[in-house]
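> please work out how this folds:
(chains A and B)
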Amino acid sequence: MAERDTFVEDTEPFMSSLYSTALRLSGNRSDAEDLVQETYLRAFRSYESFREGTNLRAWLFRILTNAHINRYRSRSRRPEEAELGDIEDLYLYRRLHQPGDIGRSAEEELMTMFSEAEVVAAVEALPDTYRMAVLLADVEGFSYKEIAEILDVPIGTVMSRLHRGRKSLQKALYNFAMERRLTEPEDSDQQSGGGN
Amino acid sequence: MINKAAGGTKTVAELPIPCNPGDNCSDAMNKVYSYIDGWSDEEQASEIREHLTGCDDCHEVYSFHRQLKSLISTGCRSEMPPELHSRILDAIACYEPDDEI
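Sure thing, here's the model as predicted:
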């Protein structure tokens, strides 16, 4: 077995981001904590075979994602396939960027538009395959090549999942914004049909 | 943004991307994203950067998607519960080679 102290020292810096990812993958704290613990034990068990100087962070994330996949397999839950229709590119941008708008840019709108809870909900609504790609790229900043190694798929597949995942995310966010508008109280000062 | 081209407003269909006649929308967005993600090769990155400097419309699209990525990134980070850290260290300390995980 590997030296416990060495292992802990080497892998401890990654615990927080592994937890963060686990939480988004599992959707709840309890499962996320179990998943991270499982990841660390599996990593510890095979640490002697880890080649020093290679990408430790990617290696740990690979163990995490595999453990997650195995969990839902064992619960007879199929990884959600993309049943989504084709979503256009620039889905959210086009809808926030109304022709004839004066004043606020689409980017400014974006910054104030969504709560953290909505962002999390939109990400957690993504099918697993897309969600993993988006988390690894957008939250953890892995390269396409690293993601390909972590998920054990070709780079082209990574890019495709990212592309689609990001579009799905935009659609989910937009739906939240629309739902909110439906439930917002009427403001008699607002122009009907107007932009901001 | 009504002060753009002469003649005023643009319809949604006329929005900037793609700028290159050879690109379709997906290709253009892939380039924007690989630039945002930092994973385009130097030559392509240089081309994109140059284009963005000169093209307000595309720059706005780039800016928007960069902001969106940042929104996802900060929104999805969670603090680790403090007790998890010690729980994991304990688990490692107790783990024996043939234990089931």
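
> next up, the contacts around the residue in chain B that chain A sits nearest to.
Across chain B, the shortest distance to chain A (CB to the nearest CB) belongs to B:G75, at 3.2 Å. Heads up, the C-betas are built off the backbone N, CA and C, glycines and all. The contact partners of B:G75, by CB atoms under 8 Å, 6 or more residues apart in numbering or on different chains, come to A:114, A:116, A:119-120, A:123.

> can you narrow those to ones near chain B?
A:114, A:116, A:119-120, A:123 (CB under 8 Å from any CB of the partner chain).

> give the buried residues for the longest helix along chain A.
Assignment by DSSP state H gives helix A:155-183 as the longest helix of chain A. By neighbour count with 16 or more other CB atoms under 10 Å in any protein chain shown, helix A:155-183 contains the buried residues A:157-174, A:176.

> remind me which residues of chain B are low pLDDT?
Along chain B, segments meeting pLDDT under 70 span B:1-23.

> what's around residue 90, how many residues?
Using chain A. 23 (other CB atoms under 10 Å in any protein chain shown).

> correction: the question concerned chain B.
By the measure other CB under 10 Å, the count of residues near B:D90 is 11.

> could I get the strand or helix carrying it in PDB with only the CA atoms?
B:D90 is part of helix B:82-94, with elements assigned from DSSP states H and E. Below are the C-alpha coordinates for helix B:82-94, written out as PDB (Å, rounded to 0.1, in the frame of the first residue of the first chain):
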ATOM      1  CA  PRO B  82     -15.600  20.700   7.300                       C
ATOM      2  CA  GLU B  83     -16.500  17.400   8.800                       C
ATOM      3  CA  LEU B  84     -16.000  15.600   5.400                       C
ATOM      4  CA  HIS B  85     -12.400  16.400   5.400                       C
ATOM      5  CA  SER B  86     -11.700  14.600   8.700                       C
ATOM      6  CA  ARG B  87     -14.100  11.800   7.800                       C
ATOM      7  CA  ILE B  88     -12.100  11.100   4.700                       C
ATOM      8  CA  LEU B  89      -8.800  11.200   6.500                       C
ATOM      9  CA  ASP B  90     -10.100   8.800   9.100                       C
ATOM     10  CA  ALA B  91     -11.300   6.500   6.400                       C
ATOM     11  CA  ILE B  92      -7.900   6.500   4.800                       C
ATOM     12  CA  ALA B  93      -6.300   5.900   8.200                       C
ATOM     13  CA  CYS B  94      -8.500   2.900   8.800                       C
END
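
> follow-up on the earlier one: without its sequence neighbours, what residue ends up closest to the residue of chain B closest to chain A?
Nearest non-adjacent residue to B:G75, counting by CB to CB, 6 or more residues apart in numbering or on different chains: A:V119, 3.2 Å away.

> so what's the one you found scoring on pLDDT?
A:V119 carries a pLDDT value of 94.

> which ones among the buried residues of helix A:155-183 come in contact with chain B?
Answer for those near chain B (CB under 8 Å from any CB): A:159, A:162-163, A:166, A:169-170.

> which one of these sits closest to B:E47?
Comparing these against B:E47 with CB to CB places A:M159 closest, at 18.5 Å.

> returning to what we had before: measure the residue nearest to B:G75 to A:L169 for me?
When CB to CB, to the nearest Å is the yardstick, A:V119 and A:L169 sit 9 Å from each other.

> pull up the overlap in contacts between those two.
Among the neighbours of A:V119, those also in contact with A:L169 (CB under 8 Å, 6+ apart) are B:I72.

> and the helices in chain B?
Taking DSSP H, the helices of chain B run over residues B:25-36, B:42-54, B:56-76, B:82-94.

> identify the residues contacting the closest residue to B:Y35 other than its chain neighbours.
Distances taken as CB to CB, 6+ apart place B:I48 nearest to B:Y35, at 4.6 Å, with adjacent residues excluded. Residues in contact with B:I48, defined by CB under 8 Å, 6+ apart, are B:31-32, B:35, B:40.

> pick out the most distant pair among these.
B:V32 and B:S40 (9.5 Å).

> ok, the two, which is more surrounded?
Taking other CB under 10 Å, B:V32 and B:S40 do not tie; B:V32 has more neighbours (24 against 19).

> follow-up on the earlier one: redo the ones next to chain B among the contacts of B:G75 as TSV? Include secondary structure and neighbour count.
TSV is the format used below for these (DSSP: H, G, I helix; E, B strand; the rest coil; neighbours: other CB atoms under 10 Å in any protein chain shown):
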residue	secondary structure	neighbour count
A:F114	coil	21
A:E116	helix	13
A:V119	helix	21
A:V120	helix	17
A:V123	helix	24
